[in-house]
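Student: no letters, just coordinates:
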């Protein structure tokens, strides 16, 4: 299985990116949050695939899914 999201300290300051590109996960998520459609993203960035966009969404979902610990 190919990992679509990678972190390389030498690329984009070590931020998560789509493998083989300099497209940051945060850029994809920001675009989607700003009402840019997946189709528009794929048209504007032809090196991205629908699977890349889905991987960014999954990465974002996992990034915010953490245990919340509250002090008693």
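Tutor: Right, received. Where do you want to start? Computed from a prediction, not measured in an experiment: that's the story for all the values here.

Student: which stretches in this structure count as helices?
Tutor: 25-33, 38-44, 50-64 (DSSP state H).

Student: for residue 5, which of these is the nearest?
Tutor: Ranking the helices of the chain by proximity to residue 5 (C-beta to C-beta) places helix 50-64 first, at 4.8 Å. For every residue, glycine as well, the C-beta is placed using N, CA and C.

Student: check residue 2 and give its pLDDT.
Tutor: At residue 2, the predicted lDDT confidence score is 58.

Student: please identify the most buried of the helices of the chain.
Tutor: Counting by mean count of other C-beta atoms under 10 Å, helix 25-33 has the highest mean neighbour count of the helices of the chain, with a mean of 17.

Student: so which elements touch that one?
Tutor: Secondary-structure packing of helix 25-33 (3 or more C-beta pairs under 8 Å, 6 or more residues apart in numbering; DSSP states H and E): strand 17-18, helix 38-44, helix 50-64.

Student: is it true that residue 32 touches residue 57?
Tutor: Yes. Counting by C-beta atoms under 8 Å, residue 32 touches residue 57, with 7.5 Å between them.

Student: output the below-cut-off pLDDT ranges for the protein.
Tutor: By pLDDT under 70, the weakly predicted segments of the chain are 1-2.

Student: number of nearby residues for residue 48?
Tutor: For residue 48, the count of nearby residues is 18 (other C-beta atoms under 10 Å).

Student: same deal with residue 11?
Tutor: Residues contacting residue 11 under the criterion other C-beta under 10 Å number 13.

Student: on that earlier part again, now the helices of the chain in TSV, with distance to residue 17?
Tutor: Rendered in TSV, the data for the helices of the chain read as follows (distance: least, C-beta to C-beta, whole Å):
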stretch	distance to residue 17
helix 25-33	7
helix 38-44	15
helix 50-64	10
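
Student: so which of these comes closest to residue 18?
Tutor: With respect to residue 18, and counting by C-beta to C-beta, the nearest of those is helix 50-64 at 4.8 Å.

Student: now do that closest one against helix 25-33, angle only.
Tutor: 100 degrees (axes from the mean of the first three to the mean of the last three C-alpha atoms, to 10 degrees).
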